[in-house]
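Q: Predicted model, plus sequence, below.
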Amino acid sequence: MATNTHSNSPLYERVKLHVLKLIETEKWADGRRLPSESELVKTCKASRMTVNRALRELAAEGYVERVAGVGTFAAEAKAGSHPLDIRNIAEEIKTRGHTHSCRVVDLTEIRANPEVAIQFSVMMGSRVFHSRILHFESGIPIQFEDRYVLPNFAPEYTSVDFSKITTNEYLLKISSRIEKSEQKLTSEIPPADIASALDIDSTEHCLILTRRTWVAGQVVTYSHLFHPTSRFQFESTYTP
(Lines give C-alpha, C1' and ligand atoms only; values in the text may rest on other atoms or scores of the structure.)
Protein backbone atom coordinates (compact mmCIF):
# COMPACT_ATOMS: atom_id res chain seq x y z
CA MET A 1 0.00 0.00 0.00
CA ALA A 2 1.51 3.35 -1.02
CA THR A 3 1.66 5.83 1.84
CA ASN A 4 3.55 8.78 0.31
CA THR A 5 3.53 11.77 2.69
CA HIS A 6 1.13 9.96 5.05
CA SER A 7 3.76 7.46 6.25
CA ASN A 8 3.77 9.01 9.73
CA SER A 9 -0.01 8.73 10.11
CA PRO A 10 -1.60 6.00 12.28
CA LEU A 11 -2.02 2.75 10.34
CA TYR A 12 -5.84 2.87 10.45
CA GLU A 13 -5.71 6.33 8.84
CA ARG A 14 -3.53 4.95 6.06
CA VAL A 15 -6.00 2.12 5.51
CA LYS A 16 -8.77 4.72 5.21
CA LEU A 17 -6.75 6.71 2.68
CA HIS A 18 -6.04 3.53 0.72
CA VAL A 19 -9.75 2.70 0.48
CA LEU A 20 -10.71 6.29 -0.35
CA LYS A 21 -8.13 6.47 -3.13
CA LEU A 22 -9.49 3.30 -4.70
CA ILE A 23 -13.06 4.61 -4.48
CA GLU A 24 -11.92 7.94 -5.94
CA THR A 25 -10.43 6.24 -9.00
CA GLU A 26 -13.89 4.67 -9.53
CA LYS A 27 -12.55 1.15 -9.20
CA TRP A 28 -15.18 0.60 -6.53
CA ALA A 29 -17.60 3.45 -7.29
CA ASP A 30 -21.35 3.28 -7.85
CA GLY A 31 -22.17 1.09 -4.87
CA ARG A 32 -19.84 -1.76 -5.83
CA ARG A 33 -18.74 -4.19 -3.18
CA LEU A 34 -15.35 -3.51 -1.59
CA PRO A 35 -12.76 -6.22 -0.93
CA SER A 36 -13.34 -8.15 2.28
CA GLU A 37 -11.61 -7.29 5.54
CA SER A 38 -9.34 -10.30 5.02
CA GLU A 39 -8.25 -8.98 1.62
CA LEU A 40 -7.58 -5.51 3.04
CA VAL A 41 -5.59 -7.05 5.90
CA LYS A 42 -3.26 -8.62 3.32
CA THR A 43 -3.11 -5.62 0.99
CA CYS A 44 -2.52 -3.05 3.73
CA LYS A 45 -0.40 -5.29 5.97
CA ALA A 46 -2.59 -4.38 8.91
CA SER A 47 -4.43 -6.30 11.63
CA ARG A 48 -8.10 -7.17 11.26
CA MET A 49 -8.86 -4.82 14.17
CA THR A 50 -7.13 -1.94 12.37
CA VAL A 51 -8.98 -2.61 9.10
CA ASN A 52 -12.27 -2.92 10.96
CA ARG A 53 -11.72 0.44 12.66
CA ALA A 54 -10.89 2.09 9.33
CA LEU A 55 -14.06 0.74 7.70
CA ARG A 56 -16.21 1.68 10.69
CA GLU A 57 -14.96 5.26 10.55
CA LEU A 58 -15.44 5.44 6.78
CA ALA A 59 -19.01 4.23 7.28
CA ALA A 60 -19.62 6.86 9.99
CA GLU A 61 -18.25 9.53 7.65
CA GLY A 62 -20.53 8.40 4.82
CA TYR A 63 -17.94 7.04 2.39
CA VAL A 64 -18.95 3.37 2.59
CA GLU A 65 -21.99 1.35 3.58
CA ARG A 66 -21.67 -1.88 5.59
CA VAL A 67 -24.26 -4.65 5.39
CA ALA A 68 -24.03 -7.32 8.09
CA GLY A 69 -23.28 -10.73 6.61
CA VAL A 70 -22.94 -9.29 3.10
CA GLY A 71 -20.00 -6.89 2.98
CA THR A 72 -18.91 -3.28 2.58
CA PHE A 73 -19.93 -1.14 -0.40
CA ALA A 74 -18.84 2.24 -1.80
CA ALA A 75 -21.49 4.77 -0.80
CA GLU A 76 -23.37 6.91 -3.30
CA ALA A 77 -21.42 10.03 -4.20
CA LYS A 78 -22.25 13.19 -2.23
CA ALA A 79 -21.34 16.85 -2.52
CA GLY A 80 -17.59 17.04 -2.28
CA SER A 81 -14.60 19.28 -1.78
CA HIS A 82 -10.84 18.93 -1.51
CA PRO A 83 -9.87 19.50 2.15
CA LEU A 84 -6.58 21.23 1.29
CA ASP A 85 -8.07 23.73 -1.15
CA ILE A 86 -9.11 27.18 0.03
CA ARG A 87 -12.08 27.54 -2.25
CA ASN A 88 -15.16 29.69 -2.57
CA ILE A 89 -18.09 27.47 -1.52
CA ALA A 90 -20.45 29.42 -3.81
CA GLU A 91 -18.26 28.49 -6.81
CA GLU A 92 -18.02 24.86 -5.69
CA ILE A 93 -21.79 24.61 -5.55
CA LYS A 94 -22.16 26.36 -8.91
CA THR A 95 -19.79 23.83 -10.57
CA ARG A 96 -22.15 21.06 -9.43
CA GLY A 97 -25.02 22.80 -11.25
CA HIS A 98 -26.73 23.91 -8.05
CA THR A 99 -27.51 27.28 -6.48
CA HIS A 100 -25.80 28.79 -3.45
CA SER A 101 -27.46 30.90 -0.79
CA CYS A 102 -26.53 31.70 2.79
CA ARG A 103 -27.80 33.15 6.04
CA VAL A 104 -25.59 35.29 8.30
CA VAL A 105 -26.22 34.04 11.83
CA ASP A 106 -23.71 36.32 13.60
CA LEU A 107 -21.28 39.02 12.52
CA THR A 108 -19.69 40.87 15.39
CA GLU A 109 -16.58 41.96 17.25
CA ILE A 110 -15.61 39.92 20.31
CA ARG A 111 -12.80 39.69 22.83
CA ALA A 112 -10.52 36.72 22.29
CA ASN A 113 -11.07 33.87 24.75
CA PRO A 114 -8.07 31.65 25.66
CA GLU A 115 -8.60 29.27 22.71
CA VAL A 116 -8.87 32.03 20.11
CA ALA A 117 -5.99 34.00 21.63
CA ILE A 118 -3.72 30.95 21.39
CA GLN A 119 -4.67 30.32 17.75
CA PHE A 120 -3.83 33.91 16.74
CA SER A 121 -0.89 34.28 19.17
CA VAL A 122 -2.46 37.43 20.65
CA MET A 123 -3.27 38.50 24.19
CA MET A 124 -6.46 37.15 25.73
CA GLY A 125 -9.12 39.86 25.46
CA SER A 126 -7.76 41.24 22.18
CA ARG A 127 -10.25 42.40 19.57
CA VAL A 128 -11.25 39.73 17.05
CA PHE A 129 -14.03 39.64 14.45
CA HIS A 130 -16.36 36.63 14.57
CA SER A 131 -18.79 35.47 11.87
CA ARG A 132 -21.15 32.48 11.77
CA ILE A 133 -22.73 31.79 8.39
CA LEU A 134 -24.99 28.97 7.22
CA HIS A 135 -24.50 27.96 3.57
CA PHE A 136 -27.19 26.24 1.47
CA GLU A 137 -26.91 24.16 -1.69
CA SER A 138 -30.18 24.41 -3.63
CA GLY A 139 -31.98 25.17 -0.38
CA ILE A 140 -30.35 22.40 1.68
CA PRO A 141 -27.95 23.40 4.49
CA ILE A 142 -24.52 22.04 3.53
CA GLN A 143 -21.99 23.98 5.65
CA PHE A 144 -21.93 25.95 8.89
CA GLU A 145 -18.99 28.37 8.82
CA ASP A 146 -17.64 29.58 12.18
CA ARG A 147 -14.82 32.04 11.46
CA TYR A 148 -12.55 34.40 13.41
CA VAL A 149 -10.65 37.17 11.62
CA LEU A 150 -7.86 39.46 12.79
CA PRO A 151 -9.11 43.09 12.63
CA ASN A 152 -5.75 44.44 11.45
CA PHE A 153 -6.03 42.22 8.38
CA ALA A 154 -9.67 43.00 7.49
CA PRO A 155 -10.72 46.18 9.32
CA GLU A 156 -14.05 46.50 7.44
CA TYR A 157 -15.04 42.85 7.97
CA THR A 158 -18.10 43.44 10.16
CA SER A 159 -19.60 45.96 7.71
CA VAL A 160 -19.57 43.58 4.72
CA ASP A 161 -22.83 42.07 3.44
CA PHE A 162 -21.89 38.39 3.38
CA SER A 163 -25.21 37.44 1.84
CA LYS A 164 -23.81 38.90 -1.40
CA ILE A 165 -20.17 37.81 -1.18
CA THR A 166 -18.63 34.86 0.65
CA THR A 167 -16.08 35.47 3.40
CA ASN A 168 -13.55 33.49 1.37
CA GLU A 169 -14.00 35.67 -1.70
CA TYR A 170 -13.83 38.87 0.35
CA LEU A 171 -10.70 37.88 2.27
CA LEU A 172 -8.89 36.77 -0.88
CA LYS A 173 -9.67 40.16 -2.43
CA ILE A 174 -7.86 41.77 0.49
CA SER A 175 -4.83 39.54 0.00
CA SER A 176 -4.39 36.49 -2.18
CA ARG A 177 -0.81 36.08 -0.92
CA ILE A 178 -1.47 33.35 1.61
CA GLU A 179 1.89 32.19 2.93
CA LYS A 180 0.70 29.16 4.84
CA SER A 181 -2.47 27.22 5.51
CA GLU A 182 -2.91 24.68 8.29
CA GLN A 183 -5.84 22.24 8.14
CA LYS A 184 -7.19 19.55 10.43
CA LEU A 185 -10.11 17.28 9.52
CA THR A 186 -12.16 15.56 12.23
CA SER A 187 -15.50 13.80 12.54
CA GLU A 188 -17.49 14.87 15.59
CA ILE A 189 -21.01 15.53 16.83
CA PRO A 190 -21.43 19.33 16.50
CA PRO A 191 -22.80 21.68 19.17
CA ALA A 192 -26.60 21.54 19.46
CA ASP A 193 -27.16 24.98 17.87
CA ILE A 194 -25.08 24.07 14.82
CA ALA A 195 -26.83 20.70 14.44
CA SER A 196 -30.16 22.56 14.59
CA ALA A 197 -29.04 25.10 11.98
CA LEU A 198 -27.88 22.29 9.66
CA ASP A 199 -31.19 20.50 10.24
CA ILE A 200 -29.55 17.22 11.25
CA ASP A 201 -30.20 14.78 14.06
CA SER A 202 -28.44 15.60 17.33
CA THR A 203 -26.49 12.31 17.06
CA GLU A 204 -25.20 12.81 13.50
CA HIS A 205 -21.51 13.51 13.06
CA CYS A 206 -20.15 16.41 11.03
CA LEU A 207 -16.93 16.51 9.04
CA ILE A 208 -15.21 19.50 10.61
CA LEU A 209 -12.43 21.26 8.76
CA THR A 210 -10.43 23.47 11.13
CA ARG A 211 -8.19 25.92 9.30
CA ARG A 212 -5.70 28.68 10.08
CA THR A 213 -4.16 30.89 7.39
CA TRP A 214 -1.09 33.11 7.56
CA VAL A 215 -0.30 36.36 5.75
CA ALA A 216 2.94 38.30 6.35
CA GLY A 217 3.95 35.89 9.10
CA GLN A 218 0.72 36.35 11.10
CA VAL A 219 -2.32 34.13 11.53
CA VAL A 220 -5.15 36.20 10.03
CA THR A 221 -8.08 33.75 10.02
CA TYR A 222 -9.11 30.81 12.19
CA SER A 223 -12.21 28.86 11.20
CA HIS A 224 -14.27 25.73 11.76
CA LEU A 225 -16.32 24.50 8.79
CA PHE A 226 -19.03 21.98 9.75
CA HIS A 227 -20.41 19.61 7.06
CA PRO A 228 -23.12 16.96 7.70
CA THR A 229 -21.68 13.51 6.93
CA SER A 230 -24.97 12.49 5.31
CA ARG A 231 -24.64 15.24 2.67
CA PHE A 232 -20.96 15.95 2.20
CA GLN A 233 -17.58 14.33 1.58
CA PHE A 234 -14.04 15.58 1.09
CA GLU A 235 -12.18 14.47 -2.00
CA SER A 236 -8.51 14.56 -2.91
CA THR A 237 -6.12 13.51 -5.63
CA TYR A 238 -2.42 12.98 -5.03
CA THR A 239 0.02 13.49 -7.91
CA PRO A 240 3.70 12.86 -7.03
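A: On my side now, so go ahead. Residues are numbered from 1 along each chain as shown.
Q: tell me the domain boundaries of this structure?
A: The record's domain split for the chain, according to automatic domain parsing, is 4-74, 79-234.
Q: Just send the ones you listed back as a markdown table, with mean neighbour count and mean pLDDT too.
A: The way it works is simple: take the backbone N, C-alpha and C, and place the C-beta from them, glycine included. Formatted as a markdown table, these follow (neighbours: other CB atoms under 10 Å; pLDDT from 0 to 100):
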| stretch | mean neighbour count | mean pLDDT |
| --- | --- | --- |
| domain 4-74 | 16 | 78 |
| domain 79-234 | 16 | 88 |
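Q: dump the residue contacts of Gly125.
A: Applying CB atoms under 8 Å, 6 or more residues apart in numbering to Gly125 gives the contacts 111-112, 117.
Q: Go ahead and list the helix or strand containing it.
A: Counting by DSSP states H and E, Gly125 is held by no secondary-structure element, helix or strand.
Q: picking that back up, could you list which of the contacts of Gly125 belong to strands?
A: Arg111 (DSSP state E).
Q: for the residue lying farthest from the centre of the chain, what are its contacts?
A: Relative to the C-alpha centroid of the chain, counting by CA atoms, centre = their mean, Gly69 is the outermost residue, at 31.9 Å. Neighbour list for Gly69: empty [criterion: CB under 8 Å, 6+ apart].
Q: Just to be sure, it is in a helix?
A: No. Counting by DSSP: H, G, I helix; E, B strand; the rest coil, one finds Gly69 to be coil, located in no helix.
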